Each structure stands twice: as C-alpha cells, then as structure tokens.
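Undergrad: okay, structure incoming, though there's no sequence with it:
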DNA sequence: TATGAATGAGGATTCATTCAT
DNA sequence: CATGAATGAATCCTCATTCAT
C-alpha cells in the first residue's frame, strides 16, 4: 500500500481544494474570489491557474469528487443481498454519519449546483441520481417484499433524503445529542414513514 | 378617489422586490448585480437606492417579509383548540401548499441565510424559530395526548420541515403528480413518522 | 434701518450658505456633496436648486461675498490721511482680527480658488488684488515718507499677507495666547520687516 | 550587470506617484479620480492597486515622503555649531530654494492635510513638527546669544514658515524676479523681523 | 511552479442635477 | 418652495484571468 512513486510532488492542488471547499461552504461560490482562495493557500492568485484552469473547474472538481466519494463510500458499506429493512437501516445510518462528517462538501453540493455550468451540472446530477437510486431500490425491494408501503418510491426517496440531509443544517458538534442518538431518531422517522401504519386522518384517495 | 390609501403612484419598490426575488432565486444573491436588478425593473441602477439603501437591505427585506407572510398565512389557517392529529394534517398541507406556491421565496430563504449580515440573520432566525414552534407545539400536544410518539420534538420538527420544504427542490408544475397527490404522499410520510409503529430493526441500542 | 418689506421670507438660502461654508471648510469643496449640504440644512437635495443654480455657484457666492465683506470691513475701519506707520498697524491688527473671526471663510478663500471655474476665479482674483492694493499702498506711502524700507512692495505685500493669514492655520481659541497677544507679536514682525535695520549677514550678493 | 540593485524593471509605482502628485496639485485630491491618474500613467485603473492599496495610501505616501525628503535635505545642508544668524540665513535660503523647486509637493502638503485619515495625518504632523523644530532651535539659540529678539519662538516659527512657504503661491518661473532676488527679499524680511528694532507704534498695550 | 504586474470588465454605490407633483 | 423619484455618469475598488519572468 505504499504511495506510488511519483506522487511525492506538490500538494498545492490539494491545498487549493481544501481552501476553496471551506470558503465556498462559508460564503458561497459567487462570493469567494480566487484571491481569497490564494491568500488562504498562501500563494499568489496566478498560481492557482497552474492547478485548475478556471474557478468553475475548481467548483466542478469539488462537487464531482464529493459525489464520487459518497457513492464509493456507500459501496464499501453495502451488503449484497441484504434484507430491505436491514438495508434501509444501513443506508440511513450511513447517510447521516457520512453527511455529519462532510458537512462542507454536503453543503456546497446542495447550494452551488446552480453555479455549475450546464455540462458540469449534468455530470453532478447523474451522480446524484445514481446515489438516489440506491435508496429507491431499497424502497422498491421492501415494498415488493411486503415490508414497506411506499406509494411513489422516487418521491419518497427525495423526501427522505431531504430529511436526512437536513440534519447537517442544524447539527453542531457539542450539542445536546450525540451522533448516535441523532441516527436513532432519524432512523425511527424513516422506518415508520415507509411502514404501513395508521392512515392519516384526511387521506385522500 | 378610489385609489387605496398609501398607493401613491410609484410602485417601483415593489417591482424591485419582485425582480430581486426572481434573480436571487435563479442565480444567488452574490451572483446578481444591482445593475441586473435595475435592468429587469427598467430603471437606472442609481434609482434602486431611492428604495433600498443597500443590496443587503434588499435581501433582508425579502427574507424578513417572507417569514412574516408565512407566519401570518398560517395564523389565518390555524384553528384554535383543534385536535393534534387534525392540526398536524392542517399544518402539513398548509406548509406544502404554501411552499409550492412561493418556491422562489422559500428557496432564497434557505439559500441566502449566510449572506445576511449578523443582525439581519438574527432577525430572520427569530422568525424561523417562531414558525418551527408551531409544529413543535403540535407534536408535543399530540405526544401528551397519546396520539403521537415523538422522542425529540425539536429535532423532529426540523427533520419534518426539511422533508416538507424539500419538495420545492424537485417539484415542477406539469409533472406527473398533482399538488394534491404530493400533499397526500407527504402527509402519509409525516403522519407515520410520528406515530408509534414497528420499532426499526436496529432499535435504540 | 428697518428691514425692507418683503425680505421677511425664507432664510433657506442663508442656511444653505452657512452649511456649505462649514462643510467646504472642513472637507473641501470637491469632497462635499450637495446631499450633505441638504442634510445639514434639513432639506432634500433638490431644494437647494431653488436657491443656487449649481454647486459651483454656491462656491462662487461664498468666495465673492467673503472678499466683498472683507474689503467693506476694511473700508469701515480705514482712516483717510493716516500716517503710514499708523496705517500699517491698523491694517495688521484689522487683518488678524478679521481673519481670526472668519476662519472658515478665510480658509476656503485660499483653498478653493482652484475649484472655481475661470470666470468666477477672475472675479475673486480681482477682489483679492483690490485688497492687496491696500497694503501695497501703505507700504509705498511709508517708503516714500522714509518710514519704511521696502524693496518690492508687491512681493512684500504677498509675503506679509501670507504670514498674517497663516495665523488661522494654527490659532485655536482657548490656546495659551490671547488674540491681543497674537496681534502684538505679528505686528512686531510686520513692523520690523519693513523697517530699515541690520543688513542680513549674506547681503544681496 | 550594471543595473543598480533594486531597480528591477517596473517603475510603475514611481510613475503613479508623479502623476498623482501633479494631478493632486492642480485639482485637489478629492477632485482627482484614480481613472485620471491611471490614464496619465498609461495604464488601466486596476493596475494602480498593485502599487498602492487605496487612493488614501497614495496621498499619504506623497505627503510623508515629501516631509522626509525635506528634512533629509536640510540635514544635508545644516552645519553643526554654526552661529544663529548664519544658520537663520542658511535655513531661510534653503527653505525658499527647496520650496520653489518642489512647488507641487509643497502645495499638496499644505492643502491636502485635511484629506488625510487621522492616522496618516498624525504621521505627517509629527514630521512637520520636526521640521519646525529646526527653525525654533535657531531662533532660541539666537535669542540666547543676544542676536535675535523673539517673543514666542513657536509662534514666530509658524509665522515665518507661513511667510516663506507662501512664496510658492505666487512665484512663477520667468517672472520679473530671479530666485536669488526673491531669496534676498525674504531673507531681509526674516532677519529684520527677529532683530530688535524700532518698537512698533502701538506697542504691547 | 510561482510571482508580480497587467488587463478589461464589472462590482456597489454616489454624484450633480432635473422635474412632475 | 419643497419633495421624491429619476437619470446618466462617475466614484473607488475588485474580479477572473493572462503572461513574461
């Protein structure tokens, strides 16, 4: 597992990525200048262009790599052939844990989509869709197995992911709840919401 | 003489508000220039400053007024003394309906918070908190009445509001689902998630 | 001596003059905006244009009126046929006293000349020249009478007026010296400087 | 290899200084725009900011450097231990000569003080005070030696410096008087004014 | 790779002035 | 006379980007 020879070199690109990530998360892509990023890295603005051809490429790099890493992390956790209810728990816990550990990446992934040029936007959307497919598949498998009751798997997927991802907007380390407690609370919400239960009072159709 | 009092001619401020709302929603506060807003209104940039002293004040005006209008709209719908389950349905349907009708206000209210200067941020946060209190109170009343099972009303409030508000990020008029169907689907998710049901596999550990 | 009928009305013009005088003196003509002047007067910017057609006219009004008032004040003090040495003292004391009482007018009269458009500049310069003529005449009369020794009356006039006027740049009421003491000190400097005395070491070479 | 150390190519900063000096002297700091300066230098406005962080810094640079150069120039001329009357002549001639050669720097040094922000103003005032100290020391030494009669050395210093510096406000090369003649005239005025002579008629009363 | 200086465009805001009311 | 809203131009300064060194 030794680092491949030749990877020794300048880690400037990585330091640029980290500075940009942090600044974009705090102030937003449009509000952050290349000068600010350069200052954070400790380099002159021109030097950034040795590593990323444009500011837009820097944003795309961050968003695409985040989605790729997210998907790869899930794949490392997923257990093939697992029962849908166990898979839903695994996914829920994974999603919360991962999103609480990468709040900056998560934040800009949801906030800066509109600042991507169309081509880059599409690339990220394809990856996002691939990630959503994971949950949709679990929901559909659970419904097929009679474990879950899900009317619109795609809609439900988005509703649940919005709910789970939302945790990052208010969670702060050191708050009254541990990450484990948060996981449990959200898991309960998720599980119940896809399990046949009391029909809501007004329920139309 | 039928002119309503206070409507003294120039509605430029209102047109500025609308142009800014639409542009901020599409491109983000930081990415929109006062020039662009002025052009949309059909006025010279300097004229904007007769109505809003700074760009920041324009943003604050939009966010504060949105939150005030949201709260006022709920108060016009709320039924005092209603049973918690009926109130939950009323709130859920109201929230979705309102948020599907004001997608731009909703969007910037969640996206541009970080672009508010601290004082303005606090003002908006107080209003947001007041709105969340509505749902928290319903959940607590329902739990007290034995209708709901809610472990952390504050956390659950945020989780549900994130889920419900998220609808605006993907809903597009003319899509396969009507607003009424969407209301029903989300209502089911919400209701189940706060109703005692099957314990999730992993339990509370 | 009753005020002529019809002069009762709005003193806005006078309040504008005073606000402009004070602001120009403190910050300079170019650095003061019509808005600032209007704010000081307690009026909207547009209202200024009912009294002065342009900002430039306001400056010209202040400078021209200052020079006219200065000359008129001297004429009220001057004693026809007075001996040159007594006249020099009278002039010196008058100049210092007047300039210590109108520091703002004096200041802008020397500072803002270059901000006058050519026509207005010429008008002020003619008045300034008329005032300088007073001292020049005294010096020339004194030289003719053998009381003074003055090589270049015009140059000397300017040197002495620069010296005397300079008092306003450092005098502050409440300082260690009274106005009377200052008058005396400067009078001594002036008198000696035009009186035949010890030849300076380096002579005329 | 003959390039003097430190002369690494771009002398833009110096050209900016010179353009700003000339423009400030002619029109006043507040009335000159960075665009005008840039145009005079032959560069885009933004380029100025590679050399001076703000317009204010440019002004401060000019005033501080002028005062430093003035003091250094005097120090290069001063003769330690010289008799006070000779020193007064040396100082007077030096001051006039220097001020006639640097009319622009002198002019803005007296005109633009009020446009300095407090911190910068204080820095310049300290230097000005240091320069005044030179003349004050000469006057005091001369008074102690019985050569001069000076009532208030500090006040007299300011009066004489105002007189001497004022020469720049009317002197134009090519006029009827040579610089040497002007030096002589002013030297006579200065010398007499600090030398015991005829008491002015009105005395001290 | 990195620097420092430059460009050309555009940022928010302010300006003197005008004018209908 | 005064207001309030508007104009059109200008303000200082910052931007992403380029490029010779």
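TA: Right, received. Where do you want to start? Just so you know, these numbers come straight off a predicted model, no measurement behind them. Residues are numbered from 1 along each chain as shown, chains lettered A, B, ... in the order given.
Undergrad: number of nearby residues for residue A:44?
TA: Residue A:44: 10 surrounding residues under other Cβ atoms under 10 Å in any protein chain shown. Bear in mind the C-beta positions are built from the backbone N, C-alpha and C, glycine included.
Undergrad: now the residue lying closest to it once chain neighbours are set aside, what's its secondary structure?
TA: Once flanking residues are discounted, residue A:44 sits nearest to residue A:38: 6.0 Å by Cβ to Cβ, 6 or more residues apart in numbering or on different chains. Taken by DSSP: H, G, I helix; E, B strand; the rest coil, the conformation at residue A:38 corresponds to helix.
Undergrad: ok, residue A:38 - contacts?
TA: Residue A:38 is in contact with A:44-45, A:47-48, counting by Cβ atoms under 8 Å, 6 or more residues apart in numbering or on different chains.
Undergrad: continuing past the least confident helix or strand in chain A by mean pLDDT, what's the next helix or strand?
TA: The helix or strand of chain A with the lowest confidence, counting by mean pLDDT, DSSP states H and E, is helix A:167-170 at a mean of 89. Per DSSP states H and E, the first helix or strand lying C-terminal to helix A:167-170 is helix A:179-193.
Undergrad: so how far is that following helix from its chain's centroid?
TA: Centre-to-centre, helix A:179-193 and its host chain are 18 Å apart (Cα atoms, centre = their mean, to the nearest Å).
Undergrad: what about the longest helix along chain A, near DNA strand F?
TA: With secondary structure taken from DSSP state H, chain A has its longest helix at helix A:118-144. No - applying Cβ under 7 Å from any atom of the strand, one finds helix A:118-144 out of contact with DNA strand F, separated by at least 12.8 Å.
Undergrad: roughly how far is that helix from the heart of the chain?
TA: Using Cα atoms, centre = their mean, the offset of helix A:118-144 from its chain centre is 12 Å.
Undergrad: with stretch A:79-93 instead?
TA: Centroid separation between stretch A:79-93 and its chain, computed with Cα atoms, centre = their mean, is 18 Å.
Undergrad: which parts of that stretch are buried?
TA: A:84-85, A:87-93 (16 or more other Cβ atoms under 10 Å in any protein chain shown).
Undergrad: now, those that are in helices?
TA: Members of the buried residues of stretch A:79-93 lying in helices (criterion: DSSP H): A:84-85, A:87-93.
Undergrad: ok, and of these, which contact chain B?
TA: Restricting those to those within reach of chain B (Cβ under 8 Å from any Cβ of the partner chain) leaves A:85, A:89, A:93.
Undergrad: local confidence estimate at the residue most central in space within chain A?
TA: Centroid-nearest residue in chain A, with Cα atoms, centre = their mean: residue A:106, separated by 4.7 Å. The model reports residue A:106 with a pLDDT of 92.
Undergrad: repeat for the one 3 residues further on
TA: Each residue has a pLDDT score; the one for residue A:109 is 92.
Undergrad: isn't it up against residue A:64?
TA: No - Residue A:109 is not in contact with residue A:64 according to Cβ atoms under 8 Å; the separation is 9.8 Å.
Undergrad: so who does the closest residue to residue A:79 other than its chain neighbours touch?
TA: Nearest residue to residue A:79 in three dimensions, chain neighbours excluded: residue A:90, at 7.0 Å (Cβ to Cβ, 6+ apart). Contact analysis of residue A:90 by Cβ under 8 Å, 6+ apart lists A:77-79, A:82.
Undergrad: out of the residues you listed, who's nearest residue B:121?
TA: Distance to residue B:121 across the contacts of residue A:90 (Cβ to Cβ) is lowest for residue A:77, with 36.7 Å.
Undergrad: domain assignment for chain A?
TA: Under the assignment automatic domain parsing, the domains of chain A span A:10-52, A:55-193.
Undergrad: give me the element the closest residue in space to residue A:130 that isn't next to it in sequence is part of.
TA: Spatially, and ignoring its direct neighbours in sequence, residue A:130 is nearest to residue A:71 (6.2 Å; Cβ to Cβ, 6+ apart). Residue A:71 belongs to helix A:55-77 when assigned by DSSP H and E.
Undergrad: please name every helix or strand in contact with that helix.
TA: helix A:12-27, helix A:84-101, helix A:103-111, helix A:118-144 (3 or more Cβ pairs under 8 Å, 6 or more residues apart in numbering or on different chains; DSSP states H and E).
Undergrad: let's go with 10 Å and repeat that
TA: Under the contact criterion of 3 or more Cβ pairs under 10 Å, 6 or more residues apart in numbering or on different chains; DSSP states H and E, helix A:55-77 touches helix A:12-27, helix A:34-41, helix A:84-101, helix A:103-111, helix A:118-144.
Undergrad: that one near DNA strand E anywhere?
TA: No - Helix A:55-77 lies out of reach of DNA strand E by Cβ under 7 Å from any atom of the strand, never closer than 12.3 Å.
Undergrad: next, the buried residues of that helix.
TA: A:55, A:58-64, A:66-67, A:70-71, A:74.
Undergrad: and the longest helix of chain A with helix A:84-101, angle?
TA: 150 degrees (axes from the mean of the first three to the mean of the last three Cα atoms, to 10 degrees).
Undergrad: taking the mean pLDDT, what do you get for helix A:118-144?
TA: Taken as a whole, helix A:118-144 has a mean pLDDT of 97.
Undergrad: list the contacts for residue A:129?
TA: Residues near residue A:129 by Cβ atoms under 10 Å, 6 or more residues apart in numbering or on different chains: A:67, A:136.
Undergrad: ok, the residue nearest to the centre of chain A touching residue A:99?
TA: Yes - using Cβ atoms under 10 Å, residue A:106 is in contact with residue A:99, at 5.0 Å.
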